[in-house]
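Trainee: give me coordinates for this.
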Amino acid sequence: MARQPHRLALSHYRGRYSHFLTAATYDRRPAFTDAALCATVTEQLFQSATKRGFAVFAYCLMPDHVHVLIEAERADADFLKWVHLWRQLSGFWERKRTGQYLWQEGYWDHTLRDDESLSAVAAYIVLNPVRAGLVASPEEYPFTGSSRFSVMELAVHEPRRPVSDG
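Mentor: Numbering: from 1, shown residues only. Purely as a prediction, here's the structure:
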């Protein structure tokens, strides 16, 4: 039986916090090599983030997983409601389009502490395709970005490795 990720008290997911999310595709299927799927999932990412009071600081759709760094813009922002909405919208769309599940059950999340650098986590995210050998530089990878910065602006910070490596 798969072990469920540890969750913090609900108060850690509500309010003006920043969160780092890693979620895998169902059976680690390389779903995010499909440009149409990536475009729709990215659009749904931005729409759901705006609806739930978040800005997308950085994201990267790797072939079989995704990294997202979001930052709350409102006091009533709720990470758990955002992630549920985004995965529900994108999963429903993919299931309707192909008949396949998009997301593996569960995900890994980390609420950033005040002493953690948003720019370091963002750099880790946008440099993920480079570390994986998919591209030589982050701006070459088509499935990464931000609602606030260019990929190169995010990549300039030398990242400290986050707790999860996915």
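Trainee: from here on, just use CA atoms for contacts and neighbour counts.
Mentor: OK.
Trainee: and the residue most central in space within the chain, how close does it get to residue 110?
Mentor: With distances taken as CA atoms, centre = their mean, residue 68 lies nearest the centre of the chain, 2.0 Å away. Relative to residue 110, residue 68 is positioned 11 Å away (CA to CA, to the nearest Å).
Trainee: mutual contacts of the two, please.
Mentor: Residues touching both residue 68 and residue 110 (CA atoms under 8 Å, 6 or more residues apart in numbering): 19-21.
Trainee: which ones among these are found in strands?
Mentor: By the criterion of DSSP state E, membership of the shared contacts of residue 68 and residue 110 in strands covers 19-21.
Trainee: mind saving the C-alpha coords of stretch 22-40 as CSV?
Mentor: Taking C-alpha atoms only, stretch 22-40 is exported to CSV below (Å, rounded to 0.1, in the frame of the first residue of the first chain):
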residue,chain,number,x,y,z
THR,A,22,5.8,18.3,-7.1
ALA,A,23,3.2,16.1,-8.7
ALA,A,24,3.7,13.0,-10.8
THR,A,25,1.7,11.8,-13.8
TYR,A,26,-0.3,8.6,-13.5
ASP,A,27,2.1,5.6,-13.7
ARG,A,28,4.8,8.2,-14.4
ARG,A,29,3.6,8.2,-18.0
PRO,A,30,5.5,10.9,-20.1
ALA,A,31,2.3,12.9,-20.7
PHE,A,32,4.0,16.3,-20.7
THR,A,33,5.7,15.7,-24.0
ASP,A,34,2.3,16.5,-25.7
ALA,A,35,2.3,20.2,-26.6
ALA,A,36,-1.5,20.4,-26.6
LEU,A,37,-1.7,18.9,-23.2
CYS,A,38,1.0,21.2,-21.8
ALA,A,39,-0.7,24.3,-23.2
THR,A,40,-4.0,23.3,-21.6
